[in-house]
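In: Take this sequence and fold it.
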Amino acid sequence: MNYASREERLLALWLDEMVTAGLVIDYYYEPFEILLTPEVSYRWNKRLKTKIKYFTSALLKPSHYTPDFAIVWNPIARGRFFKMKDNVGYDKECYFYADYWDSSMTKHSNISQDMSDDLTGELVSIIDVKPYFDYQNMSRLFTQNQKFVFNKFGLYVQKVVVSPRIGDLFPKTFSPLGSLLKKNGEPRKLKYRAQSLQQFLESEKTTDEKSN
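Out: The predicted structure follows:
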């Protein structure tokens, strides 16, 4: 798979380990494209010698938005990796928000019927991956699209930052093995204490036991 950014590739590594562990059922890269605003056109005419010819030209081009990932969760990951979007005050604090998929959320998208059928009724998170460094102010554009998509379609798109900053995905959960090594196989120097998926699950289990 050719990903558009390093951060997307790193999230895919994270998701691959989650799929292997049975905590994520599946995930899709650039799952669909949503039509935000349609084309606005106007008609005009040109008088010829013997007739008037009519034309249609675009005044405003259509705008689209494509999220980076759709994650299909195994319900057993609730309370460790995701919480329900509409039950935030009651669920344990987690990094991801999820919701039961409703096909009406993407009625203005080019999602395939097979994918729509696969997602319907599943616990799904829709993700936009961003780096720590806000290149070309892309986070501002995402925030506008995020609000528009939620207001128009009821679809919440979550921003996921893949970086070593405390509070972002890897430091808050676990670091996939592929993210810890350079291309030459040498370990990367990290600004946080990395842990594996197994270590994270064990620490979560210990925390739950103490709270009980």
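In: Tell me how many other residues surround residue 1.
Out: Residue 1 sits with 6 neighbouring residues when counted by other Cβ atoms under 10 Å. Where you see a C-beta, it was placed from the backbone N, CA and C, and this is true even at glycine.
In: Can you name the residues that contact the nearest residue to it once chain neighbours are set aside?
Out: Nearest residue to residue 1 in three dimensions, chain neighbours excluded: residue 29, at 6.2 Å (Cβ to Cβ, 6 or more residues apart in numbering). Applying Cβ atoms under 8 Å, 6 or more residues apart in numbering to residue 29 gives the contacts 1, 3, 8, 12, 68, 69.
In: And the first one, how far from residue 9?
Out: Same thing as residue 1. 8 Å (Cβ to Cβ, to the nearest Å).
In: Need phi/psi at residue 34.
Out: The phi/psi pair for residue 34 (degrees, to the nearest 10) reads phi -100, psi 130.
In: mind starting the numbering at 34 from now?
Out: Sure, I'll start counting at 34 from here, so that last one is residue 67.
In: Confirm for me that it is in contact with residue 183.
Out: No - with contacts counted by Cβ atoms under 8 Å, residue 67 stays clear of residue 183, the gap being 11.3 Å.
In: host element of the residue nearest the centre of the chain?
Out: Nearest to the geometric centre of the chain sits residue 160, at 0.9 Å (Cα atoms, centre = their mean). Element membership for residue 160, per DSSP states H and E: strand 156-163.
In: helices and strands around whichever helix or strand comes after that strand, which ones?
Out: Remark: after strand 156-163, the chain's next helix or strand is helix 171-186, criterion DSSP H and E. Using 3 or more Cβ pairs under 8 Å, 6 or more residues apart in numbering; DSSP states H and E as the contact test, the elements touching helix 171-186 are strand 67-70, strand 96-98, strand 156-163, strand 190-194.
In: And those strands: which comes nearest residue 84?
Out: With Cβ to Cβ, the closest approach to residue 84 among the helices and strands packed on helix 171-186 belongs to strand 67-70: 34.5 Å.
In: Look at stretch 135-144 and report the distance between its end residues.
Out: Stretch 135-144 has an end-to-end distance of 13 Å (Cα to Cα, to the nearest Å).
In: An error on my part: the question was meant for stretch 85-104.
Out: End-to-end for stretch 85-104, by Cα to Cα: 54 Å.
In: ok, now stretch 223-238?
Out: 25 Å.
In: so how many other residues sit close to residue 217?
Out: Using other Cβ under 10 Å, the number of residues around residue 217 comes to 5.
In: do the same with residue 83
Out: The burial count for residue 83: 5, using other Cβ under 10 Å.
In: so who does residue 178 touch?
Out: Contacts of residue 178 (Cβ under 8 Å, 6+ apart): 69, 98, 190.
In: Could you measure from it over to residue 186?
Out: Distance from residue 178 to residue 186, by Cβ to Cβ: 11 Å.
In: go on, residue 103?
Out: From residue 103 to residue 186 the distance is 14 Å (Cβ to Cβ).
In: Who has more neighbours out of those two?
Out: The residue with more neighbours, out of residue 103 and residue 186, is residue 103; 23 against 18, by other Cβ under 10 Å.
In: Can you show me the strands along the chain?
Out: With DSSP state E as the criterion, the chain has strands at 57-62, 67-70, 73-80, 85-93, 96-98, 102-106, 115-117, 129-133, 156-163, 190-194.
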